[in-house]
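>>> this is the structure alone, sequence omitted:
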Ligand SMILES: Cc1ncc(COP(=O)(O)O)c(C=O)c1O
């Protein structure tokens, strides 16, 4: 593996800016740019390369599996995290006594919306409250019972950066016989995930943040034993056991997680996603977590020294790659940083500063310096 400093050279945006916004969209690497160009070249040279595209889809599936230490057969390649959630939600059955879906007040909207949309099929949706910005495990324990079908949690909260204790949440779900789904989008690529340790049922995420590539490709992990027991009604020809059978008098879903897919894959984006995933796997998520943790310790200390209020937990084991700072006007603060060519983002009253392996101490010091000069915008 090269040094993180050498990898930074792969991201031209750092020539002119301090890009520290991977929670929103990753910086563009030369590898991902090259992959998009290769797609266009192939279109000129090969035209309609359906076999090649299907091979690429399978390569992307395997790379997603490697990232989560899952089996390729447990991965569906979708078009967004929302599409992954919809595929799962379309497979849930409310005919038995389990009608409750337990989500959280830290959910990304699309996750909670997927469950609320199921109320017309008899779902009862309840929200676990947050305490000190974290999922309140006592409240979770109180709400999950033998009528709970599914517990859904974000790995990292998009508003404040809080990192969920997945094994503790899983244990609460399991002791009540409920399924568990993790929305890993704000963590995947920056927080190590091993399905053999987590032992959860479903994981959803997408490619454009810490996975370095693009909108248009999401993923869904489904635990092996559940796959053939699940019958998604959100389906299509790419979900069939034989894609080329062209059945119109039946629906015969694949026996692997491909049954959660739908139509033609997002071909140009698969090129980019393959390049992004290869780069992440080459750098290594454990290494990324360690590198970003050191940057974030420097950032948290600096923010505290200038009197800023951290909205993400202080404990490095309780936040993801994103650190959040309370602001009196978060949009004005993002704009003030942008004037200094520092690119960050905001949500819900907080500035979001999200480093990746391509960031360095100079980036952190630039952010702290800009915050110091805009103290009037800190809450
Ligand atoms: C935690 C989380 N879940 C889901 C999404 C939505 O993903 P998509 O637009 O791919 O559906 C986002 C997007 O920011 C997110 O941060």
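Received, thanks. All figures in this text were calculated on a predicted structure; none of them were measured in a lab.

>>> what's stretch 41-52 in contact with?
Stretch 41-52 has contacts (Cβ atoms under 8 Å, 6 or more residues apart in numbering) with no other residue. Where C-beta positions appear, they are placed from N, C-alpha and C, glycine not excepted.

>>> how far does stretch 15-30 stretch from start to finish?
13 Å (Cα to Cα, to the nearest Å).

>>> brain fart, stretch 116-130
With Cα to Cα applied, stretch 116-130 spans 19 Å between its terminal residues.

>>> quick one: mean pLDDT over it.
Averaging pLDDT along stretch 116-130 gives 98.

>>> is it true that residue 127 touches residue 101?
No - if you go by Cβ atoms under 8 Å, residue 127 and residue 101 don't touch, sitting 9.9 Å apart.

>>> of those two, who's got more company?
Remark: of residue 127 and residue 101, residue 101 carries more neighbours, 27 against 16, as counted by other Cβ atoms under 10 Å.

>>> what helix or strand is the nearest residue to that one once chain neighbours are set aside located in?
Spatial nearest neighbour of residue 101, chain neighbours left out: residue 115 (4.4 Å); criterion: Cβ to Cβ, 6 or more residues apart in numbering. In the assignment (DSSP states H and E), residue 115 maps to helix 109-116.

>>> so where is the stretch 151-300 of the chain shaky, pLDDT-wise?
Within the stretch 151-300 of the chain, not a single segment meets pLDDT under 70.

>>> need the residues that contact the top strand by length along the chain.
Taking DSSP state E as the criterion, the chain has its longest strand at strand 148-154. Applying Cβ under 8 Å, 6+ apart, the contact partners of strand 148-154 are 92, 94, 98-104, 106-108, 111, 115, 123, 135, 140, 144, 164, 166, 169, 172-173, 176-186.

>>> tilt between it and helix 109-116?
Here strand 148-154 runs at an angle of 170 degrees relative to helix 109-116 (axes from the mean of the first three to the mean of the last three Cα atoms, to 10 degrees).

>>> part of a strand, is residue 249?
No - looking at residue 249 with DSSP: H, G, I helix; E, B strand; the rest coil, it is coil, so not inside a strand.

>>> pull the contacting residues for it.
Taking Cβ under 8 Å, 6+ apart as the definition, residue 249 has no contacts.

>>> also residue 56?
By Cβ under 8 Å, 6+ apart, residue 56 lies in contact with 267, 270, 271, 274.

>>> what sits closest to the last one if chain neighbours are left out?
Yep, that's residue 274 we're talking about. Leaving aside its chain neighbours, residue 274 sits nearest to residue 60 (5.3 Å; criterion: Cβ to Cβ, 6+ apart).

>>> go ahead and measure how far the helix or strand the one you found falls within is from the middle of the chain.
Using DSSP H and E, residue 60 falls within helix 50-68. Its chain's C-alpha centre and that of helix 50-68 lie 18 Å apart, by Cα atoms, centre = their mean, to the nearest Å.

>>> report the rounded mean pLDDT for that helix.
On average, helix 50-68 scores 97.

>>> longest single helix anywhere in the protein?
When the chain is parsed with DSSP state H, its longest helix is helix 285-305.

>>> give me every residue in the stretch 151-300 of the chain lying close to the ligand.
154, 158, 183, 185, 186, 206, 218 (Cβ under 6 Å from any ligand atom).

>>> and for residue 31, the neighbour number?
Residue 31 sits with 18 neighbouring residues when counted by other Cβ under 10 Å.

>>> doesn't it lie inside a helix?
Yes - Residue 31 forms part of a helix when assessed by three-state DSSP.

>>> the residue lying closest to it once chain neighbours are set aside: what secondary structure?
With Cβ to Cβ, 6+ apart as the criterion, residue 31 has its nearest non-adjacent residue at 4.4 Å, and that residue is residue 275. Here residue 275 is recorded as helix under three-state DSSP.

>>> the helix holding residue 115: which residues count as buried?
By 16 or more other Cβ atoms under 10 Å, the buried positions in helix 109-116 come out as 110, 111, 112, 113, 114, 115.

>>> now the residues you listed as TSV including distance to the ligand?
TSV is the format used below for these (distance: Cβ to the nearest ligand atom, whole Å):
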residue	distance to the ligand
110	5
111	6
112	10
113	10
114	10
115	13
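
>>> which one of these is nearest to residue 15?
Closest approach between the buried residues of helix 109-116 and residue 15, by Cβ to Cβ: residue 110, at 34.2 Å.

>>> for residue 101, what are its contacts?
Taking Cβ under 8 Å, 6+ apart, one finds 115, 118, 123, 124, 125, 126, 148, 149, 150, 151, 152 in contact with residue 101.

>>> of those, buried ones?
For those, buried by 16+ other Cβ under 10 Å: 115, 118, 123, 124, 125, 148, 149, 150, 151, 152.

>>> with adjacent residues omitted, what lies nearest to the third one?
Take residue 123 and drop its neighbours on the chain: the residue closest to it by Cβ to Cβ, 6+ apart is residue 101, 5.4 Å away.

>>> helix/strand/coil for the one you found?
strand.
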